Structure formats: structure tokens, C-alpha cells
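In: let's see this in three dimensions:
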Amino acid sequence: MSKFRPLAVLVGWVAAAATLLVASPAVAQPGTAPGACCVTSPNGTFCVMVTQAMCEQQGGVWQGANVACTATLCSPPRGACCITANGAITCHILTNAQCGAQQGVWRGPGSVCGNDICAATPPTGACCIQGSSGGFCQIRTQAGCAEVNGQWHGAGSVCGNEICAPRGACCITANGAITCHILTNAQCGAQQGVWRGAGTACTTQICQPPNPTGACCIQAAGGVTCQIRTEAGCAEVSGQWRGPGSICGNDTCTAVMGACCVLQGGTVHCNITTQAACAGAGGQFHPNAMCSSTVCTPPPPTGACCITANGVITCQVRTQAGCAEVNGVWRGPGTACNNQICQPQNPTGACCITANGAITCQVRTQAGCAEVNGVWRGPGTACNNQICQPQSPTGACCITSAGTTTCEVLTRAQCEKRGGQWRGRNSVCTDQTCTPPAPRGACCVPTPSGGIACMILRAAQCQQVGGTYQGDNTVCSANSCVPPAGLGACCIPASTDHNAACVRLTEAGCEERGGAFQGAGTQCFGDTCPRECPCDWNNDGRIQQADLYAFLNSYFAGHGDFNGDGVTNGADLMEFIACFNNVPEPCTR
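Out: Here you go, the predicted model:
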């Protein structure tokens, strides 16, 4: 048999129980003395005074003869429930199940709604702590981690195998660029990076390649000695550096050394060696010279140069610089003068061609550049040292100077060099690019029940919801939104727009809404305000099952004074049941 009883049976039985409460005999016969009985219904568990037989007949739990019903005798434990809705947190006294049904956080049995009962719990994360026997990890709040001088890894982070491993600068090469990241040694190795050691930081110099070393011939009292040093280190001891990559051999410091320029695969390579070794490699020897950008430079190439003078075009073979001296049009290295070379052509420009890992530049038409899968730099561009260098991406850069912020499109490096804030690749300067977001602060918003909730909003948002903005960067605290003094229950009659209701307002606020003020400090209970229909206990305009449960809740809470005699007792229960079973005018079901 189900433990839940039909409404009609439940109502009749509650009425019989009320009769016992009102007219119990002075001396009860054995087995007829009433006592507290806990009955479970679809709306919860409540307590009535009945005999043991009546209690067992309805599947209730009898608490014993002459045991009185109290507000908590049959109810599950209640406590503070913190419910988040519309950006605000409110506190209600509920059971654990009721709190869970509203997605609230229950603070435990017997807890009460206080100033900080619903304060947000600070987030936790992995905290790396250095102990006497080494480092270890604990889950702590940021403040708790700071108390033990630990390193906090952020909200939600967990203790894992690598979380507390030493970190340092890791130099990673990708797409021809070197970037620096703070990683563990293992993480750095997984990305083929070069780890600079525990505790190192990313600086402008940390990922620079080390200076090259080579043989350094040092004159000393006992003769000439050879040591491997950098060029600067060799100069510190007044030595003669033999160049990068040179090694100390038997004749390193006796034979004449110099730069040896060797042509290999169309590219000139420079090595520091002896004249004999250079000759054996088929190179061009430069005694006592060091390898530099100019020592092995081949003579500039020549090509056809089309020169226009007095309306006539002539062709001469010249270098590119020589062609420019006579305002000619150079046709490129190795081109020869013929009948077609100086005919008008499609515009040409620098074409950057990548082959065998090297980038070379040729002046070509756009179509000619595409034929060799090159990158054309535009009409009229010339080959130079910079034309084929990879182009750094640009973006909007917000630069603040003398209190004024301006926006320029720069590369990230250029932006950082000028102390600006880079907005990202391909971003552009607009009126809003460098505008900081509006600050936020505490906003005190009135609630429908007459209270005040605190939310963190911007000033414009606070105004939109009818709140009072407390100022930029203010926070919500127990005293941020103190309600106005003199609040009390206000009985607002029903209208075409809303049902009758009880809300806590000031006396002036109650009068503005056409209500009846019940006095400062009064609270809204089930029996606070009179009703047009007495047994419409929840003020929704209809008599239904919900009204019975609402009245029973008020009755057992001591606020079910249905007949208005100033006390809540069995007579109120009897009269409510009579009204509920025989709905008077103007009430409707």
C-alpha cells in the first residue's frame, strides 16, 4: 500500500485529528490518548495529534501518548541554503533536499543565515612547497600557499607528476624564429628546445646563440701557446684569434693563417686555415684576414642594361649599380644584350626564391617569379640584403605617453620596444582598440520581497536593473547594501496586474504601492495579512491542494491564526478545514 493518501482522505482525517485537539476528554481511556503522529504526504512530512490506532491506520509514525507536536519533531533537519540566481546569492532556511532541488549549497543542519554564511569559497589549486627533504605538492588556496612560501599554479590545477618540477627558460626554434617559454626540463625536451636551467627567466639575451670559439695563439715567456677561446676572450689575453671553428693543431700558431674563400654549389664559404690548406681546397686565400661579410664577397654580377637617351634605347652589359648610374633598366645577372632584351616588358621586381634551404633573389616579372615558386615583392623592387628577410606580422599597438594613448600598426617587437601593448596579429587601429573596459563595482538592487541584493556590475548595468551603484572597484560585503531603516510587513491588495501579496517595505514605500503597513519590524508570515478569500492561503486566487499544504506549514510554524483570535491552535485548523471543504463566496476552486 502506498504511504501517500488521497487528498480527500487526508483532509477528512486531518479534520478528525483537529476534533481530538479541540475536544479531548479530561481522562483518556487506555489506547485512546492522543499523541504526536508523523505523517508523510506528497508535499512532505507533518505532525498531528491522534490516537495510536488512527496514526497506524494512516501509515504514520506515532511518537507516544501525550507527546506534543513541535515544529521540528517530524521535519527533516533544516539549515542555511545559499541559492545563486541572476548573479546574486540569497540565503533561505531549507532542508537538504529542498536546497538541492533549487541547486543551492546547504550549509548543514541547524546553520542559520548570517552575514558570511554564503560567502564564496576561495578557489584551490596545486601549491608547490619546498621542504627539508625536497619539494612536494599540496592542494591549497592562493593565500594558503603564500603562507607556506609555496608556488601556486592557479585555480583548479592539480598535483601531477610534473607540476612541481623545476622550471626555467626554454629556447624553442620554429619557422626560423626562436621563442622563449618557462617550462620544465622534460617539457622543453619534448619540444626540441634548449633548457637554460632551473629558475632562469626569459630575457632578451637568454636565447641568443653563444659566441663562437676558435683557436687563440697567445705569446708567453715560454713561447706561443694555443687555447680555444671566443674572439673577445682571445683579445683579453692579447692573443691572435684564428677564427670560428678553428682548432689547436701542430701548426696552428706557426703557419700564416687567414680567410679562405671556397666556392661550393654556387655559394661562397669562408674558413680560417693555412694558405696550403686553402690552396688544396681550391679556395682564395686572404692572409691574416678574418671571415666577415665582405672578405669573400665575389665581384658584383653583370647583365644587360637598357639605357634610354634621346628617344633611343641602347643595351650595355653593366653591373646593377653601374646600370643605375646611367638611369638604365637592368635585366638581371648574366643577361646578354640581344634584339629582344630591351623590348618593353611586364614590370619586374625582386623575386625571393627558396631552394636547398637557401633564399636567393632575382629580378623577375610576377609571372616569372611564380614559375619558380618565388615570392614577388612588387613592381620596381630591387634585390638587397633585406628584401627577402621573413616579414614579421604587424598589429595594433597602444602606446601611452604623457597621459595620452595613441594607436599605431607595428610588429610585436617594435611595439614592446616602445613600451606599448600589442593587440595581436593583423589587428587594426579603431576608435575602440585602445579603450579600456569600463570599471565595475558593487550595485545594490532591490528584491521583490523588499530586501536588497548586492551584485558586481558596471555603472550602466547597475542603472539598467534599477540599482544603486556604490562606486568603481567597490566589492560586495555584509555592509555594502544595508536596507533602509523602518522596514515592516506591507499588505498589498490584489489587482488586475497581480495577486495580493505581503512584502517588507518602509511605511512610505508601502503607501506608494497602496498597501497597509503593519508596523516597523514586522515580518511577512502566512497570517500577517487578511485575505479576500480566507482559505486561499497562498494568495494565488484559487482554492486548491497547495493552499492546504501552505496552511499546514504555517500552522506548524505557529503562524496559522485563521480565525484571528491572536493564537494558533486547533480551532484555527478546524475552521480552515471547514472553509476548504465548503468554499464560500467569492472563493473559487
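
In: do a quick rundown of the helices in the stretch 101-250 of the chain.
Out: For the stretch 101-250 of the chain, the helices defined by DSSP state H, counting those that start in this stretch occupy 142-147, 185-190, 231-236.

In: need those in a markdown table (columns: mean neighbour count and mean pLDDT).
Out: From N, CA and C alone the C-beta is placed, and that goes for glycine too. Below are the helices of the stretch 101-250 of the chain laid out as a markdown table (neighbours: other C-beta atoms under 10 Å; pLDDT from 0 to 100):
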| stretch | mean neighbour count | mean pLDDT |
| --- | --- | --- |
| helix 142-147 | 14 | 89 |
| helix 185-190 | 15 | 87 |
| helix 231-236 | 14 | 88 |
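
In: may I see those helices organised as TSV, with distance to Ala36 added?
Out: Below are the helices of the stretch 101-250 of the chain laid out as TSV (distance: least, C-beta to C-beta, whole Å):
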stretch	distance to Ala36
helix 142-147	48
helix 185-190	67
helix 231-236	97
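
In: which one of the ones you listed lies nearest to Leu573?
Out: Taking C-beta to C-beta, helix 142-147 is the member of these nearest to Leu573, at 54.0 Å.

In: which residues does Thr213 contact?
Out: Ile228, Arg229, Thr230, Gly233, Pro244 (C-beta atoms under 8 Å, 6 or more residues apart in numbering).

In: same thing but 6 Å
Out: Residues near Thr213 by C-beta atoms under 6 Å, 6 or more residues apart in numbering: Ile228, Thr230.

In: separation between it and Gly521?
Out: Note on Thr213: its distance to Gly521, by C-beta to C-beta, to the nearest Å, is 88 Å.

In: in this structure, which spans are helices?
Out: In the chain, the helices defined using DSSP state H lie at 7-22, 52-57, 96-101, 142-147, 185-190, 231-236, 275-280, 320-325, 366-371, 412-417, 459-464, 507-512, 545-556, 570-581.

In: for the ones you listed, please prepare TSV with the additional fields distance to Ala65.
Out: Shown next, in TSV, are those (distance: least, C-beta to C-beta, whole Å):
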stretch	distance to Ala65
helix 7-22	12
helix 52-57	7
helix 96-101	31
helix 142-147	55
helix 185-190	75
helix 231-236	104
helix 275-280	119
helix 320-325	118
helix 366-371	104
helix 412-417	86
helix 459-464	60
helix 507-512	48
helix 545-556	20
helix 570-581	17
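
In: pLDDT score for the nearest residue to Ala459 once chain neighbours are set aside?
Out: Leaving aside its chain neighbours, Ala459 sits nearest to Tyr469 (4.8 Å; criterion: C-beta to C-beta, 6 or more residues apart in numbering). Confidence at Tyr469, expressed as pLDDT, is 85.

In: report the beta-bridge partners for Tyr469.
Out: Judged by DSSP bridges, the bridge partners of Tyr469 are Cys443.

In: might you report the residue contacts of it?
Out: So, once contact is read as C-beta under 6 Å, 6+ apart, Tyr469 ends up touching Cys443, Ala459, Cys462.

In: so which of the residues you listed is the most crowded?
Out: Cys443 (28 neighbours; other C-beta atoms under 10 Å).

In: thinking again about what came up before, what's the closest of the contacts of Tyr469 to Gly176?
Out: Nearest to Gly176 among those: Ala459, at 48.6 Å, using C-beta to C-beta.

In: what about that closest one, distance to Gly168?
Out: Distance check for Ala459 against Gly168: by C-beta to C-beta, it reads 45 Å.

In: next: Trp537.
Out: The gap separating Trp537 from Gly168 is 71 Å, by C-beta to C-beta.

In: where are the low-confidence patches of the stretch 301-450 of the chain?
Out: 345, 448-450 (pLDDT under 70).

In: for it, which segments count as strands?
Out: Taking DSSP state E, counting those that start in this stretch to define them, one finds strands in the stretch 301-450 of the chain at 302-309, 312-319, 329-330, 348-355, 358-365, 375-376, 394-401, 404-411, 421-422, 440-446.

In: try the stretch 101-250 of the chain
Out: Under DSSP E, counting those that start in this stretch, the stretch 101-250 of the chain gives strands at 105-106, 124-131, 134-141, 151-152, 167-174, 177-184, 194-195, 213-220, 223-230, 240-241.

In: export those as TSV, with columns for distance to Thr84 and mean pLDDT.
Out: Output for the strands of the stretch 101-250 of the chain, formatted as TSV (distance: least, C-beta to C-beta, whole Å; pLDDT from 0 to 100):
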stretch	distance to Thr84	mean pLDDT
strand 105-106	8	86
strand 124-131	19	86
strand 134-141	20	83
strand 151-152	26	86
strand 167-174	37	88
strand 177-184	36	88
strand 194-195	45	88
strand 213-220	65	84
strand 223-230	64	85
strand 240-241	72	82
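
In: so which of the ones you listed gets nearest Gly509?
Out: That would be, of these and by C-beta to C-beta, strand 105-106, which comes in at 31.6 Å.

In: gap between Asn327 and Cys481?
Out: Applying C-beta to C-beta to Asn327 and Cys481 gives a distance of 80 Å.

In: quick one, which of the two is more surrounded?
Out: Between Asn327 and Cys481, Cys481 has the larger neighbour count (other C-beta under 10 Å), namely 20 against 10.

In: is it true that that one touches Cys444?
Out: Yes - the criterion here is C-beta atoms under 6 Å, and Cys481 meets it with Cys444 at 3.6 Å.

In: overlap in contacts, the two.
Out: Listed as contacting both Cys481 and Cys444 by C-beta under 6 Å, 6+ apart are Ile452, Cys454.

In: residues contacting the residue nearest to Gln470 when sequence neighbours are not counted?
Out: Computed as C-beta to C-beta, 6+ apart, the closest residue to Gln470 that is not its neighbour in sequence is Ala442, at 4.0 Å. Counting by C-beta under 6 Å, 6+ apart, Ala442 touches Cys454, Gln470, Thr474, Val475, Cys476, Ser480.

In: ok, Ala442 to Gly114 distance?
Out: Shown here: Ala442 relative to Gly114, a distance of 19 Å by C-beta to C-beta.

In: ditto for Ala370
Out: Counting by C-beta to C-beta - Ala370 and Gly114 are separated by 76 Å.

In: how long is stretch 491-504 end to end?
Out: 9 Å (C-alpha to C-alpha, to the nearest Å).

In: same thing with stretch 297-317?
Out: With C-alpha to C-alpha as the measure, the ends of stretch 297-317 fall 20 Å from one another.

In: chain center to that stretch, what's the gap?
Out: In terms of C-alpha atoms, centre = their mean, to the nearest Å, the centre of stretch 297-317 is set 63 Å apart from its chain centre.

In: nearest spatial neighbour of Gln151, skipping sequence neighbours?
Out: Distance criterion C-beta to C-beta, 6+ apart; nearest residue to Gln151, sequence neighbours excluded, is Cys128 at 4.5 Å.

In: I'd say that neighbour and Cys164 touch.
Out: Yes - assessed by C-beta under 6 Å, Cys128 is found in contact with Cys164 at 3.8 Å.

In: can you check which residues contact both of those two?
Out: Gly135, Cys137.

In: neighbour count: these two, which is higher?
Out: Using other C-beta under 10 Å, the more surrounded residue of Cys128 and Cys164 is Cys164, with 22 against 19.

In: quick check: the more buried one touching Gly131?
Out: No - using C-beta under 6 Å, Cys164 is not in contact with Gly131, being 10.9 Å away.

In: now stretch 420-437: how far from the chain's centre is it?
Out: Centroid displacement of stretch 420-437 relative to its chain, using C-alpha atoms, centre = their mean, is 20 Å.

In: give me the neighbour count for the nearest residue to Asn426 once chain neighbours are set aside.
Out: Of all residues not flanking Asn426 in the chain, Gly395 sits nearest, at 5.9 Å (C-beta to C-beta, 6+ apart). If you count neighbours by other C-beta under 10 Å, Gly395 ends up with 18.
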